[in-house]
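S.K.: let me see the structure of the following:
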Amino acid sequence: ILHYYTPFHIKSYPVPLVYREEVKRQLNEMKQWGIIEERSTAYVSPLVVVAKKDKSVRVCIDARYLNNRMVKDHVTPPNPNELLHEFTSNQVLSVMDLTASYWQIPIKAAHQKYAGFAFEGKTYVFKVLDFGFATPVGSFIVG
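M.R.: This next block holds a predicted model:
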């Protein structure tokens, strides 16, 4: 998964006071759903809170430091025109839009320690891919 394994702990960006309760709520929800787990790790990326247009917030991590160390996924998505041509002979076509699709792909237990972040003195790891990791496209195509 990584080119080199030197631990890192990048300080999180400040979370505005107005968003802190919502961040706590989302992290608790993510723990209940099995998305994250409170666990010690030597690989900590910064937590980022992004305000969305509808005034809600998205909790994610700034995975740039981790992504720079990762072995890149070299799977290329298929050409949309080729896909359309393949489907023209079918009588039924189904479309599925997965909410938080990256959360559908588990991270191997041995690799979860690399997907760490901290909030209010607690350290967590992702048990599934999160928005911003470098590998999701290939995971959907291959898997």
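S.K.: show me what residue 128 is bridged to.
M.R.: Beta-bridge pairing for residue 128 (DSSP bridges): residue 106.
S.K.: same question, residue 49
M.R.: residue 59.
S.K.: and it, how far from residue 15?
M.R.: 5 Å (Cβ to Cβ, to the nearest Å). From N, CA and C alone the C-beta is placed, and that goes for glycine too.
S.K.: same check, this time on residue 48
M.R.: Distance from residue 48 to residue 15, by Cβ to Cβ: 9 Å.
S.K.: residue 11 contacts residue 46, correct?
M.R.: Yes - the pair residue 11 and residue 46 passes the contact test of Cβ atoms under 8 Å, sitting 6.4 Å apart.
S.K.: which of these two has more neighbours?
M.R.: Neighbour count, other Cβ atoms under 10 Å: between residue 11 and residue 46, residue 46 has more, with 17 against 9.
S.K.: report pLDDT for residue 129.
M.R.: pLDDT, residue 129: 83.
S.K.: what about the helices in the protein?
M.R.: Under the criterion DSSP state H, the chain contains helices at 17-32, 64-69, 80-87, 136-142.
S.K.: which one of the ones you listed lies nearest to residue 122?
M.R.: Nearest of these to residue 122, taken as Cβ to Cβ: helix 17-32 at 8.6 Å.
S.K.: which strands and helices sit next to that closest one?
M.R.: strand 36-38, strand 47-51, strand 57-61 (3 or more Cβ pairs under 8 Å, 6 or more residues apart in numbering; DSSP states H and E).
S.K.: which of those strands sits most buried?
M.R.: strand 57-61 (a mean of 19; mean count of other Cβ atoms under 10 Å).
S.K.: and that one with helix 17-32, angle?
M.R.: Interaxial angle, strand 57-61 versus helix 17-32 (axes from the mean of the first three to the mean of the last three Cα atoms, to 10 degrees): 70 degrees.
S.K.: same list (the helices and strands packed on helix 17-32) but as TSV, adding distance to residue 79.
M.R.: Shown next, in TSV, are the helices and strands packed on helix 17-32 (distance: least, Cβ to Cβ, whole Å):
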stretch	distance to residue 79
strand 36-38	36
strand 47-51	31
strand 57-61	30
